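**Q** My questions concern the predicted model and sequence given below.
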Amino acid sequence: MIKLYSFFFVLFILLNSAYSQTTTISYTCKGISNFEILGTPGIKEEMKEVTYDFIKGSLQDLNNIECNWVKNIITCESTFLNFRKLSVDQGLLKVKDFISGNKGFGQYVEKFSGDCKVK
């Protein structure tokens, strides 16, 4: 009976560690970023490298954002302080990130899309 309990305990620990590994990952992504202050002429476009850190399923940011992990797609949405929508395709290693908020200089929109690699 003790062997049975020990087996289930070890199985439980292995399953929990396997789950945390799949939801704890970092990506370094290179791509094009578009930044626009609404009401002003022009959009600033530049090549950028962005790192996305996910720990226990949450995107680590100024405010940690809970994410949905469905098949090979990670999606994160937040409306706290600003509006953010992030999508990471783990199969194709592509990212799309959208942030809209208000800073001291006005309302802004930032879009980023690029190719990623596991850090």
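**A** Sure thing, it's come through.

**Q** So for the residue most central in space within the chain, what's the pLDDT?
**A** Central residue of the chain (Cα atoms, centre = their mean): Leu59, 4.7 Å from the mean position. For Leu59, the pLDDT comes out at 97.

**Q** so what's it up against?
**A** Applying Cβ atoms under 8 Å, 6 or more residues apart in numbering, we find Leu59 in contact with Tyr52, Asp53, Ile65, Cys67, Cys76, Leu86. From N, CA and C alone the C-beta is placed, and that goes for glycine too.

**Q** What is the nearest of those to Phe98?
**A** Set against Phe98, the nearest of those by Cβ to Cβ is Leu86 (7.6 Å).

**Q** Return the set of residues that bridge with the nearest residue to Gly39 once chain neighbours are set aside.
**A** Excluding the flanking residues, the one nearest Gly39 by Cβ to Cβ, 6 or more residues apart in numbering is Gly106, at 6.5 Å. Counting by DSSP bridges, Gly106 forms beta bridges with Lys103.

**Q** in stretch 109-119, what counts as buried?
**A** Buried residues in stretch 109-119, counting neighbours by 16 or more other Cβ atoms under 10 Å, are found at Glu110, Lys111, Phe112, Gly114, Cys116.

**Q** wait, the first one sits on Ser33?
**A** Right, Glu110. Yes - using Cβ atoms under 8 Å, Glu110 is in contact with Ser33, at 6.6 Å.

**Q** any idea what Thr51 is structurally, helix, strand or coil?
**A** Look at Thr51: counting by DSSP: H, G, I helix; E, B strand; the rest coil, its state is strand.

**Q** Which of the helices or strands spans the closest residue to it other than its chain neighbours?
**A** Nearest non-adjacent residue to Thr51, counting by Cβ to Cβ, 6+ apart: Thr28, 5.2 Å away. Using DSSP states H and E, Thr28 sits within strand 25-37.
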